[in-house]
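Visitor: can't give you the sequence, but here's the structure:
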């Protein structure tokens, strides 16, 4: 099968996967106990008005009617309106998702640059104290709860030493004119340091360990011996030959991890007061705000599926030996 | 120390709140309440009079009816409200010691509320409720026999046909003295029948950095009310009042929100009301859009609208705006103001006067109508379709604060409207969204924030108020933690059982140990904070020996305790 056929088939699979995810989300939220209107209606409203509101959300319609309406809206890219705020779900997503992407992608870049570099070095210097210490540190980073590390960073570097801000994306009262105005400022970078560092510390272990394992495999290949026989320097062998060949699993893992990054980190967003999509997703779930919950989870699923697809394509580009079946 | 001392032993207290948590976790497995299972209660339960002979015991056993059924006590998760979670566990434990089989079950808030108000699948439930500035406003909703359907408001299922007419009559009585008289009678009946009873009277509370903010004055509605807000002085160099909230605001549509406190606090300052009441609960022209008012008849009210006042965009505020607002909310059936627009028959304008004609007599017009509806600009809203379902990101009002910016998810800024008839004494009010409470207190102590619009009662509040720069001001509010009983269930339909349960509630322990003494023990649904509306003759269900008193009530009503101390129906 050629690349074109592979692309078409995977695209079809993507659509089917998204439909399955959307259906699962629809069912799961409606299976959850609790009444979504309990967060919408107020005791100040008369009983007749409360009943009218409940009816207006269509939640008393048969499930299949609600499902058909839901799929029809999705087909026209209409994610609906929030039960709680009446804002368009797409507006909610566009408000908070960029904040999350900036934070998560920054953390990923830091994590993968440092993780890959350390992975190369630990693979090369296998058995050394450096390797043992680094691997131990990576495991610690993955084991500690991110919210705890975040609270410690806020307490130590923020509250005690005054080196970092305690909360938010910008200083109080700065009133940026838009997202770009927000992110293109030193004040924003100053606020980014804390949460991005904590996330990077957590995420670093994954590429580090993958890269290390991949390096160990690559270093056992014959061509490494040939490089040595040719008199290449250790550095050239390590980075130009071994690392480049060992990089493939890390890159594909990175592509998939970026997809999951869309969902944000609700714990870090809470600890650092970062107005991201993760907090809004959890808030929507807790408040039974079905449209926002469905919409945000669907966007997350879309990102994961697309990045997974991208990873498959990228693998074929990076490694000419890969064929598409 | 006797078990039924109102100040429980600390060890037993901690055990009771923790045991209740365990019960909550294992409730699905059908385990019983913690108190009885602990064993301690069993011993003290035998203090009641029991037959000393086997013959008398067996006779009693034969003469007693079935054991009271197990009642489910709905509890919220600890992370939702830790103090209330522990209080419910404690009360459940105490009721098990009394001999009533209570199973405390934890549910996420939405599920809990649905079970209580829609499905009626509960025996006992507790959360926070308020009455508003006029205590009779919510009485019909909560206690009238016509509101016992799902979602109706009378979720306890309480039916008292003698009380029904009084519940509406107090809303129609023109004279305050007559309203007081009727409310006194209502309070006596409800204190006797106790379908709902206050555990503790919750305070209005504000914490602030006294190096930067001074001068909060008390108001029953809360410290967010216009009067306290326009009385405070901000001495910080930046001249800003800086507060915080734990979650995003969501909307700035005053006609499309659901009465969440975080939004009430914004709209209270962005919009004017026809008549506001001051801290003495008297209508006050200094706080109101109307400079004068009168009652041409019991079913109408006339307002004289202030001249020369303008909207934040510079347009004049006119009587036509008032007429438009009242007719607009009725025509569009704005849900939050349904109680008000259902009252309106017609609105007339004559010069600066606006006369509202109601469908029926309305007694406390200012506290139930005039101070409820925000007046909105006709020139902004008249062309809007479906006003209750739009977002309105840049509100235009006429209040003492006007919209400046809204960085959704991060910050809301309101600036002083200096031309207001009752302006604030600061330049700007900023609300920052910070979910982490330890960060909030750190910023308040440092002065980065200078007031907390909402201060949950807990250890952090108790500890931080000891700091020199932190002041905590509080007064009894209009709300309470209630204990409500589902009168539809066997046993709970008998007021003797309900009275016994109320007697057994360890109110002092709840207030002292879980609320750090910030609240007050509740006795009356209409507490003393309502002034002359509160009936001083309502009995206090807090006798010294609460469990003994509770057992006495049951025995006087013919209920019998078996050898395990459990309560049985009379034969």
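Guide: Structure received. This one's a predicted model, so the numbers in the text were calculated from it and none came from an experiment.
Visitor: who's in contact with the residue of chain B found nearest chain A?
Guide: Here chain B gets closest to chain A at one residue, residue B:409, 2.8 Å apart by C-beta to the nearest C-beta. In this view, the C-beta of every residue, glycine as well, is placed from N, C-alpha and C. Residues near residue B:409 by C-beta atoms under 8 Å, 6 or more residues apart in numbering or on different chains: A:95, A:96, A:99, A:275, A:276, A:279, A:280, B:248, B:433.
Visitor: how about residue B:380?
Guide: Contacts of residue B:380 (C-beta under 8 Å, 6+ apart): B:313, B:396.
Visitor: for the helix or strand hosting residue B:443, name the packing helices and strands.
Guide: Element membership of residue B:443 [criterion: DSSP states H and E] is helix B:437-446. Judged by 3 or more C-beta pairs under 8 Å, 6 or more residues apart in numbering or on different chains; DSSP states H and E, helix B:437-446 is in contact with strand B:196-209, strand B:451-452, helix B:459-464.
Visitor: same list (the ones you listed) but as a markdown table, adding distance to residue B:261 and mean neighbour count.
Guide: Listed next are the helices and strands packed on helix B:437-446 as a markdown table, based on distance: least, C-beta to C-beta, whole Å; neighbours: other C-beta atoms under 10 Å in any protein chain shown:
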| stretch | distance to residue B:261 | mean neighbour count |
| --- | --- | --- |
| strand B:196-209 | 11 | 23 |
| strand B:451-452 | 13 | 24 |
| helix B:459-464 | 17 | 15 |
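Visitor: identify whichever of those lies nearest to residue A:118.
Guide: Nearest to residue A:118, of all those, is helix B:459-464, at 39.8 Å by C-beta to C-beta.
Visitor: show me what the closest one is packed against.
Guide: Checking 3+ C-beta pairs under 8 Å, 6+ apart, helix B:459-464 ends up next to strand B:196-209, helix B:437-446.
Visitor: and those as CSV, adding distance to residue B:552 and mean pLDDT?
Guide: Formatted as CSV, the helices and strands packed on helix B:459-464 follow (distance: least, C-beta to C-beta, whole Å; pLDDT from 0 to 100):
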stretch, distance to residue B:552, mean pLDDT
strand B:196-209, 18, 96
helix B:437-446, 44, 94
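Visitor: adding distance to residue B:551, write those out as CSV.
Guide: Output for the helices and strands packed on helix B:459-464, formatted as CSV (distance: least, C-beta to C-beta, whole Å):
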stretch, distance to residue B:551
strand B:196-209, 18
helix B:437-446, 41
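Visitor: out of those, which gets nearest to residue A:109?
Guide: Judging those by C-beta to C-beta, what sits closest to residue A:109 is helix B:437-446, at 26.3 Å.
Visitor: contacts for the closest one?
Guide: Helix B:437-446 has contacts (C-beta under 8 Å, 6+ apart) with A:151, A:154-155, A:158-159, A:166-167, A:271, A:273, B:207-209, B:244, B:246, B:434, B:449-452, B:456, B:460, B:464, B:467, B:469-470.
Visitor: what do you get if the cut-off is 7 Å, keeping everything else the same?
Guide: Helix B:437-446 is touched from outside by A:154, A:159, A:166-167, A:273, B:207, B:209, B:244, B:434, B:449, B:452, B:460, B:464, B:467, B:469-470, with contacts defined as C-beta atoms under 7 Å, 6 or more residues apart in numbering or on different chains.
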